[in-house]
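Asks: need a structure here:
(one chain, ligands or ions: 2)
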Amino acid sequence: MPAPRTVLLTGAAGGLGTLMRDLLPAYGYELRLLDLHPIEGEPDAIVADLGDREALREAVRGVDAIIHLAGISLEAPFEKILRANIEGTYNLYEAAREEGVGRIVFASSNHAVGFTPRPQGDDPLIPIETPRRPDTFYGLSKSFGEDLAQFYWDKHGLETVSVRIGSCFPEPTSVRMLSVWMSPADGARLFHAALTAEHVEHTVVYGSSANTRLWWDLTTARSLGYDPQDDSEPYAEKLIAEQGELDPDNIAHAYLGGQFISDPPIWPY
Ligand code: NAI
Ligand code: 15L
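Replies: Ligands and ions are numbered 1, 2, ... in the order given. This is a model prediction of the structure:
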């Protein structure tokens, strides 16, 4: 596969999209942007809903690859998740298939496996093959997205790297995030690896930095060429002083998904 150059970035107006708009051009990508909302200073960005199949087909035409970030990024009523995340992701895959796009990097989430007990003490890191245990309708939509990606590889030869992102923000802001944080710079490194690795078929990886307090195994991400450079540890002392250590008797601290496992999820967390 020749290295992709033109990449459609969906969800480009969002938090992660904004970070990646800044960081990915340094890797040589020419980004085509798409979002439900206009982006200030980006008059060429495509303003479209993932429900608009015609617009999606036009948006994917001629790109080498897609980074699919668009969608609802927290828990929401099922009907909304169904439209944006489930039908929307299907619509994007159909458009990619119809237009012959060879690869998608799909923003999955740790919430596809959110009901997995978090490792404690000397427990082994959670492997990528752990059974999916979504913690929300949101997590369920990411689990669907991973299955959809496998299906489009098996049936149509469309490759995907599904990245179960932990928390990609400029800094970790909770004790939980010390384990699941992915620095924006490592996020760009991982997306670049996912775009350029050979023969990925459908590969699922965890997306985080090389955190000292990591909960999951980054071996599959590293096998794509990802070499994380950051660690949340410098933030640990301050966050633990403010918030205390995670309490295994607190149900929201006992699982990977954190507060997402409570019903309803507690925001902010
Ligand atoms: P965000 O909520 O800031 O951005 C999502 C973007 O998608 C928004 O700009 C929104 O306008 C757009 N969007 C929503 N529905 C749409 C639709 N129907 N059609 C077109 N655009 C639509 O979320 P964030 O944090 O930037 O996350 C990006 C992606 O990464 C999401 O899919 C999220 O689930 C996933 N993710 C993010 C994590 C993080 O730490 N930021 C962690 C795990 C997964
Ligand atoms: C996600 O999937 C969300 O999109 C993001 O906003 C964070 O909440 C992240 O998970 C997390 O688990 O911290």
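Asks: Would you check how far apart Trp215 and Ala194 are?
Replies: Trp215 sits 21 Å away from Ala194, taking CB to CB, to the nearest Å as the criterion. In this view, the C-beta of every residue, glycine as well, is placed from N, C-alpha and C.
Asks: Comparing the two, which residue is more hemmed in?
Replies: The neighbour comparison of Trp215 against Ala194 (other CB atoms under 10 Å) goes to Ala194, with 27 against 22.
Asks: where's that one, which helix or strand?
Replies: helix 184-196 (DSSP states H and E).
Asks: Quickly run through the sheet partners of whatever helix or strand comes next after that helix, with directions.
Replies: Counting by DSSP H and E, the next helix or strand C-terminal to helix 184-196 is strand 202-207. Here strand 202-207 is paired, per DSSP bridges, with strand 159-165 (parallel).
Asks: quick one: contacts of the partner strand?
Replies: Applying CB atoms under 8 Å, 6 or more residues apart in numbering, the contact partners of strand 159-165 are 16, 102-110, 112-113, 128, 142, 145-146, 149-150, 152-153, 182, 187, 190-191, 194, 197, 200-208, 216, 221, 224.
Asks: so does the next helix or strand after that strand get close to ligand 1?
Replies: Next helix or strand after strand 159-165 toward the C-terminus (DSSP H and E): helix 177-180. No - Helix 177-180 does not reach ligand 1 (CB under 6 Å from any ligand atom); its nearest approach is 8.5 Å.
Asks: From the contact counts, what lies against helix 177-180?
Replies: helix 236-243 (3 or more CB pairs under 8 Å, 6 or more residues apart in numbering; DSSP states H and E).
Asks: List the buried residues for the helix it packs on?
Replies: By neighbour count on 16 or more other CB atoms under 10 Å, the buried set for helix 236-243 is 236, 239.
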